[in-house]
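> quick one: sequence and predicted model below, then my questions.
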Amino acid sequence: MAEKLDEKTRAFVDNKNFPVVATVNEDGSPHSSIVLIKRDEDDSLLFVTHAGRRTERNISRDPRVNLSVFDIENPVTSIEIRGTAKVLEGGGKELADELTLKYLDEVHDVDDVSRVVVRIVPHKVIAFPPEPAK
């Protein structure tokens, strides 16, 4: 079941914090990649990867993913988002342009690379360090 993100998590992923997505290789071992993300209005998370690369192949075969987002100013602070991912058709270049503008303040136009959009539906969110008990 999808988990709605709280306001603190929304603000964290909307910022320029650095995310790493982990997928499952065919042999069961993990594969990790730095990605740039965007939160959609339904709290799913979008990123772009190159068509045909390991990340896309892994998600197409096994949709379980883990997204770790690290605070750029304090890398000890992070959130972990466990969820399921799906490769979407179309929109890869447009989202790549939007994300490079968000993270790098400029568009990196690379027309010779085919990109796909990946949507992550969050199922569990864990903050590090955890919130103090009340």
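Received, thanks.
> so where's this structure uncertain?
Applying pLDDT under 70 to the chain picks out residues 109-112, 132-134.
> what ranges do the strands span in it?
18-24, 30-34, 37-39, 45-50, 64-70, 78-88, 115-128 (DSSP state E).
> which of the residues in the third one are buried?
So the one you mean is strand 37-39. In terms of neighbour count (16 or more other CB atoms under 10 Å), strand 37-39 has its buried residues at 37-39. Placement of C-beta: from N, CA and C, glycine included.
> now do stretch 8-18
Residues 9, 12-13, 17-18 are the ones in stretch 8-18 that count as buried (16+ other CB under 10 Å).
> ok, the residue lying closest to Leu88 once chain neighbours are set aside - how many residues close by?
Nearest residue to Leu88, sequence neighbours excluded (CB to CB, 6 or more residues apart in numbering): Val117, at 4.4 Å. As a burial measure, Val117 scores 20 neighbours (other CB atoms under 10 Å).
> one more: Asp97?
Using other CB under 10 Å, Asp97 has 16 neighbouring residues.
> tell me the spacing between it and Val118.
The gap separating Asp97 from Val118 is 16 Å, by CB to CB, to the nearest Å.
> what's near enough to touch the residue nearest to Leu88?
46-48, 87-88, 90-92, 95 (CB atoms under 8 Å, 6 or more residues apart in numbering).
> specify the beta-bridge partners of it.
Beta-bridge partners recorded for Val117 (DSSP bridges): Val48, Leu88.
> now the one 10 residues further on
In this structure, Ala127 has the following beta-bridge partners (DSSP bridges): Ile79.
> what sits against it?
Going by CB under 8 Å, 6+ apart, Ala127 touches 8-9, 78-79.
> check Lys86 too.
59, 63, 118-119, 121.
> same thing but at 6 Å, please
For Lys86, the contact set (CB atoms under 6 Å, 6 or more residues apart in numbering) comprises Arg119.
> for burial, what's the neighbour tally of Asp42?
What Asp42 shows, counting by other CB under 10 Å, is a neighbour count of 10.
> how near is it to Leu5?
10 Å.
> export the buried residues of stretch 8-18 to a markdown table and tack on distance to Lys102?
Formatted as a markdown table, the buried residues of stretch 8-18 follow (distance: CB to CB, whole Å):
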| residue | distance to Lys102 |
| --- | --- |
| Thr9 | 17 |
| Phe12 | 14 |
| Val13 | 11 |
| Asn17 | 11 |
| Phe18 | 12 |
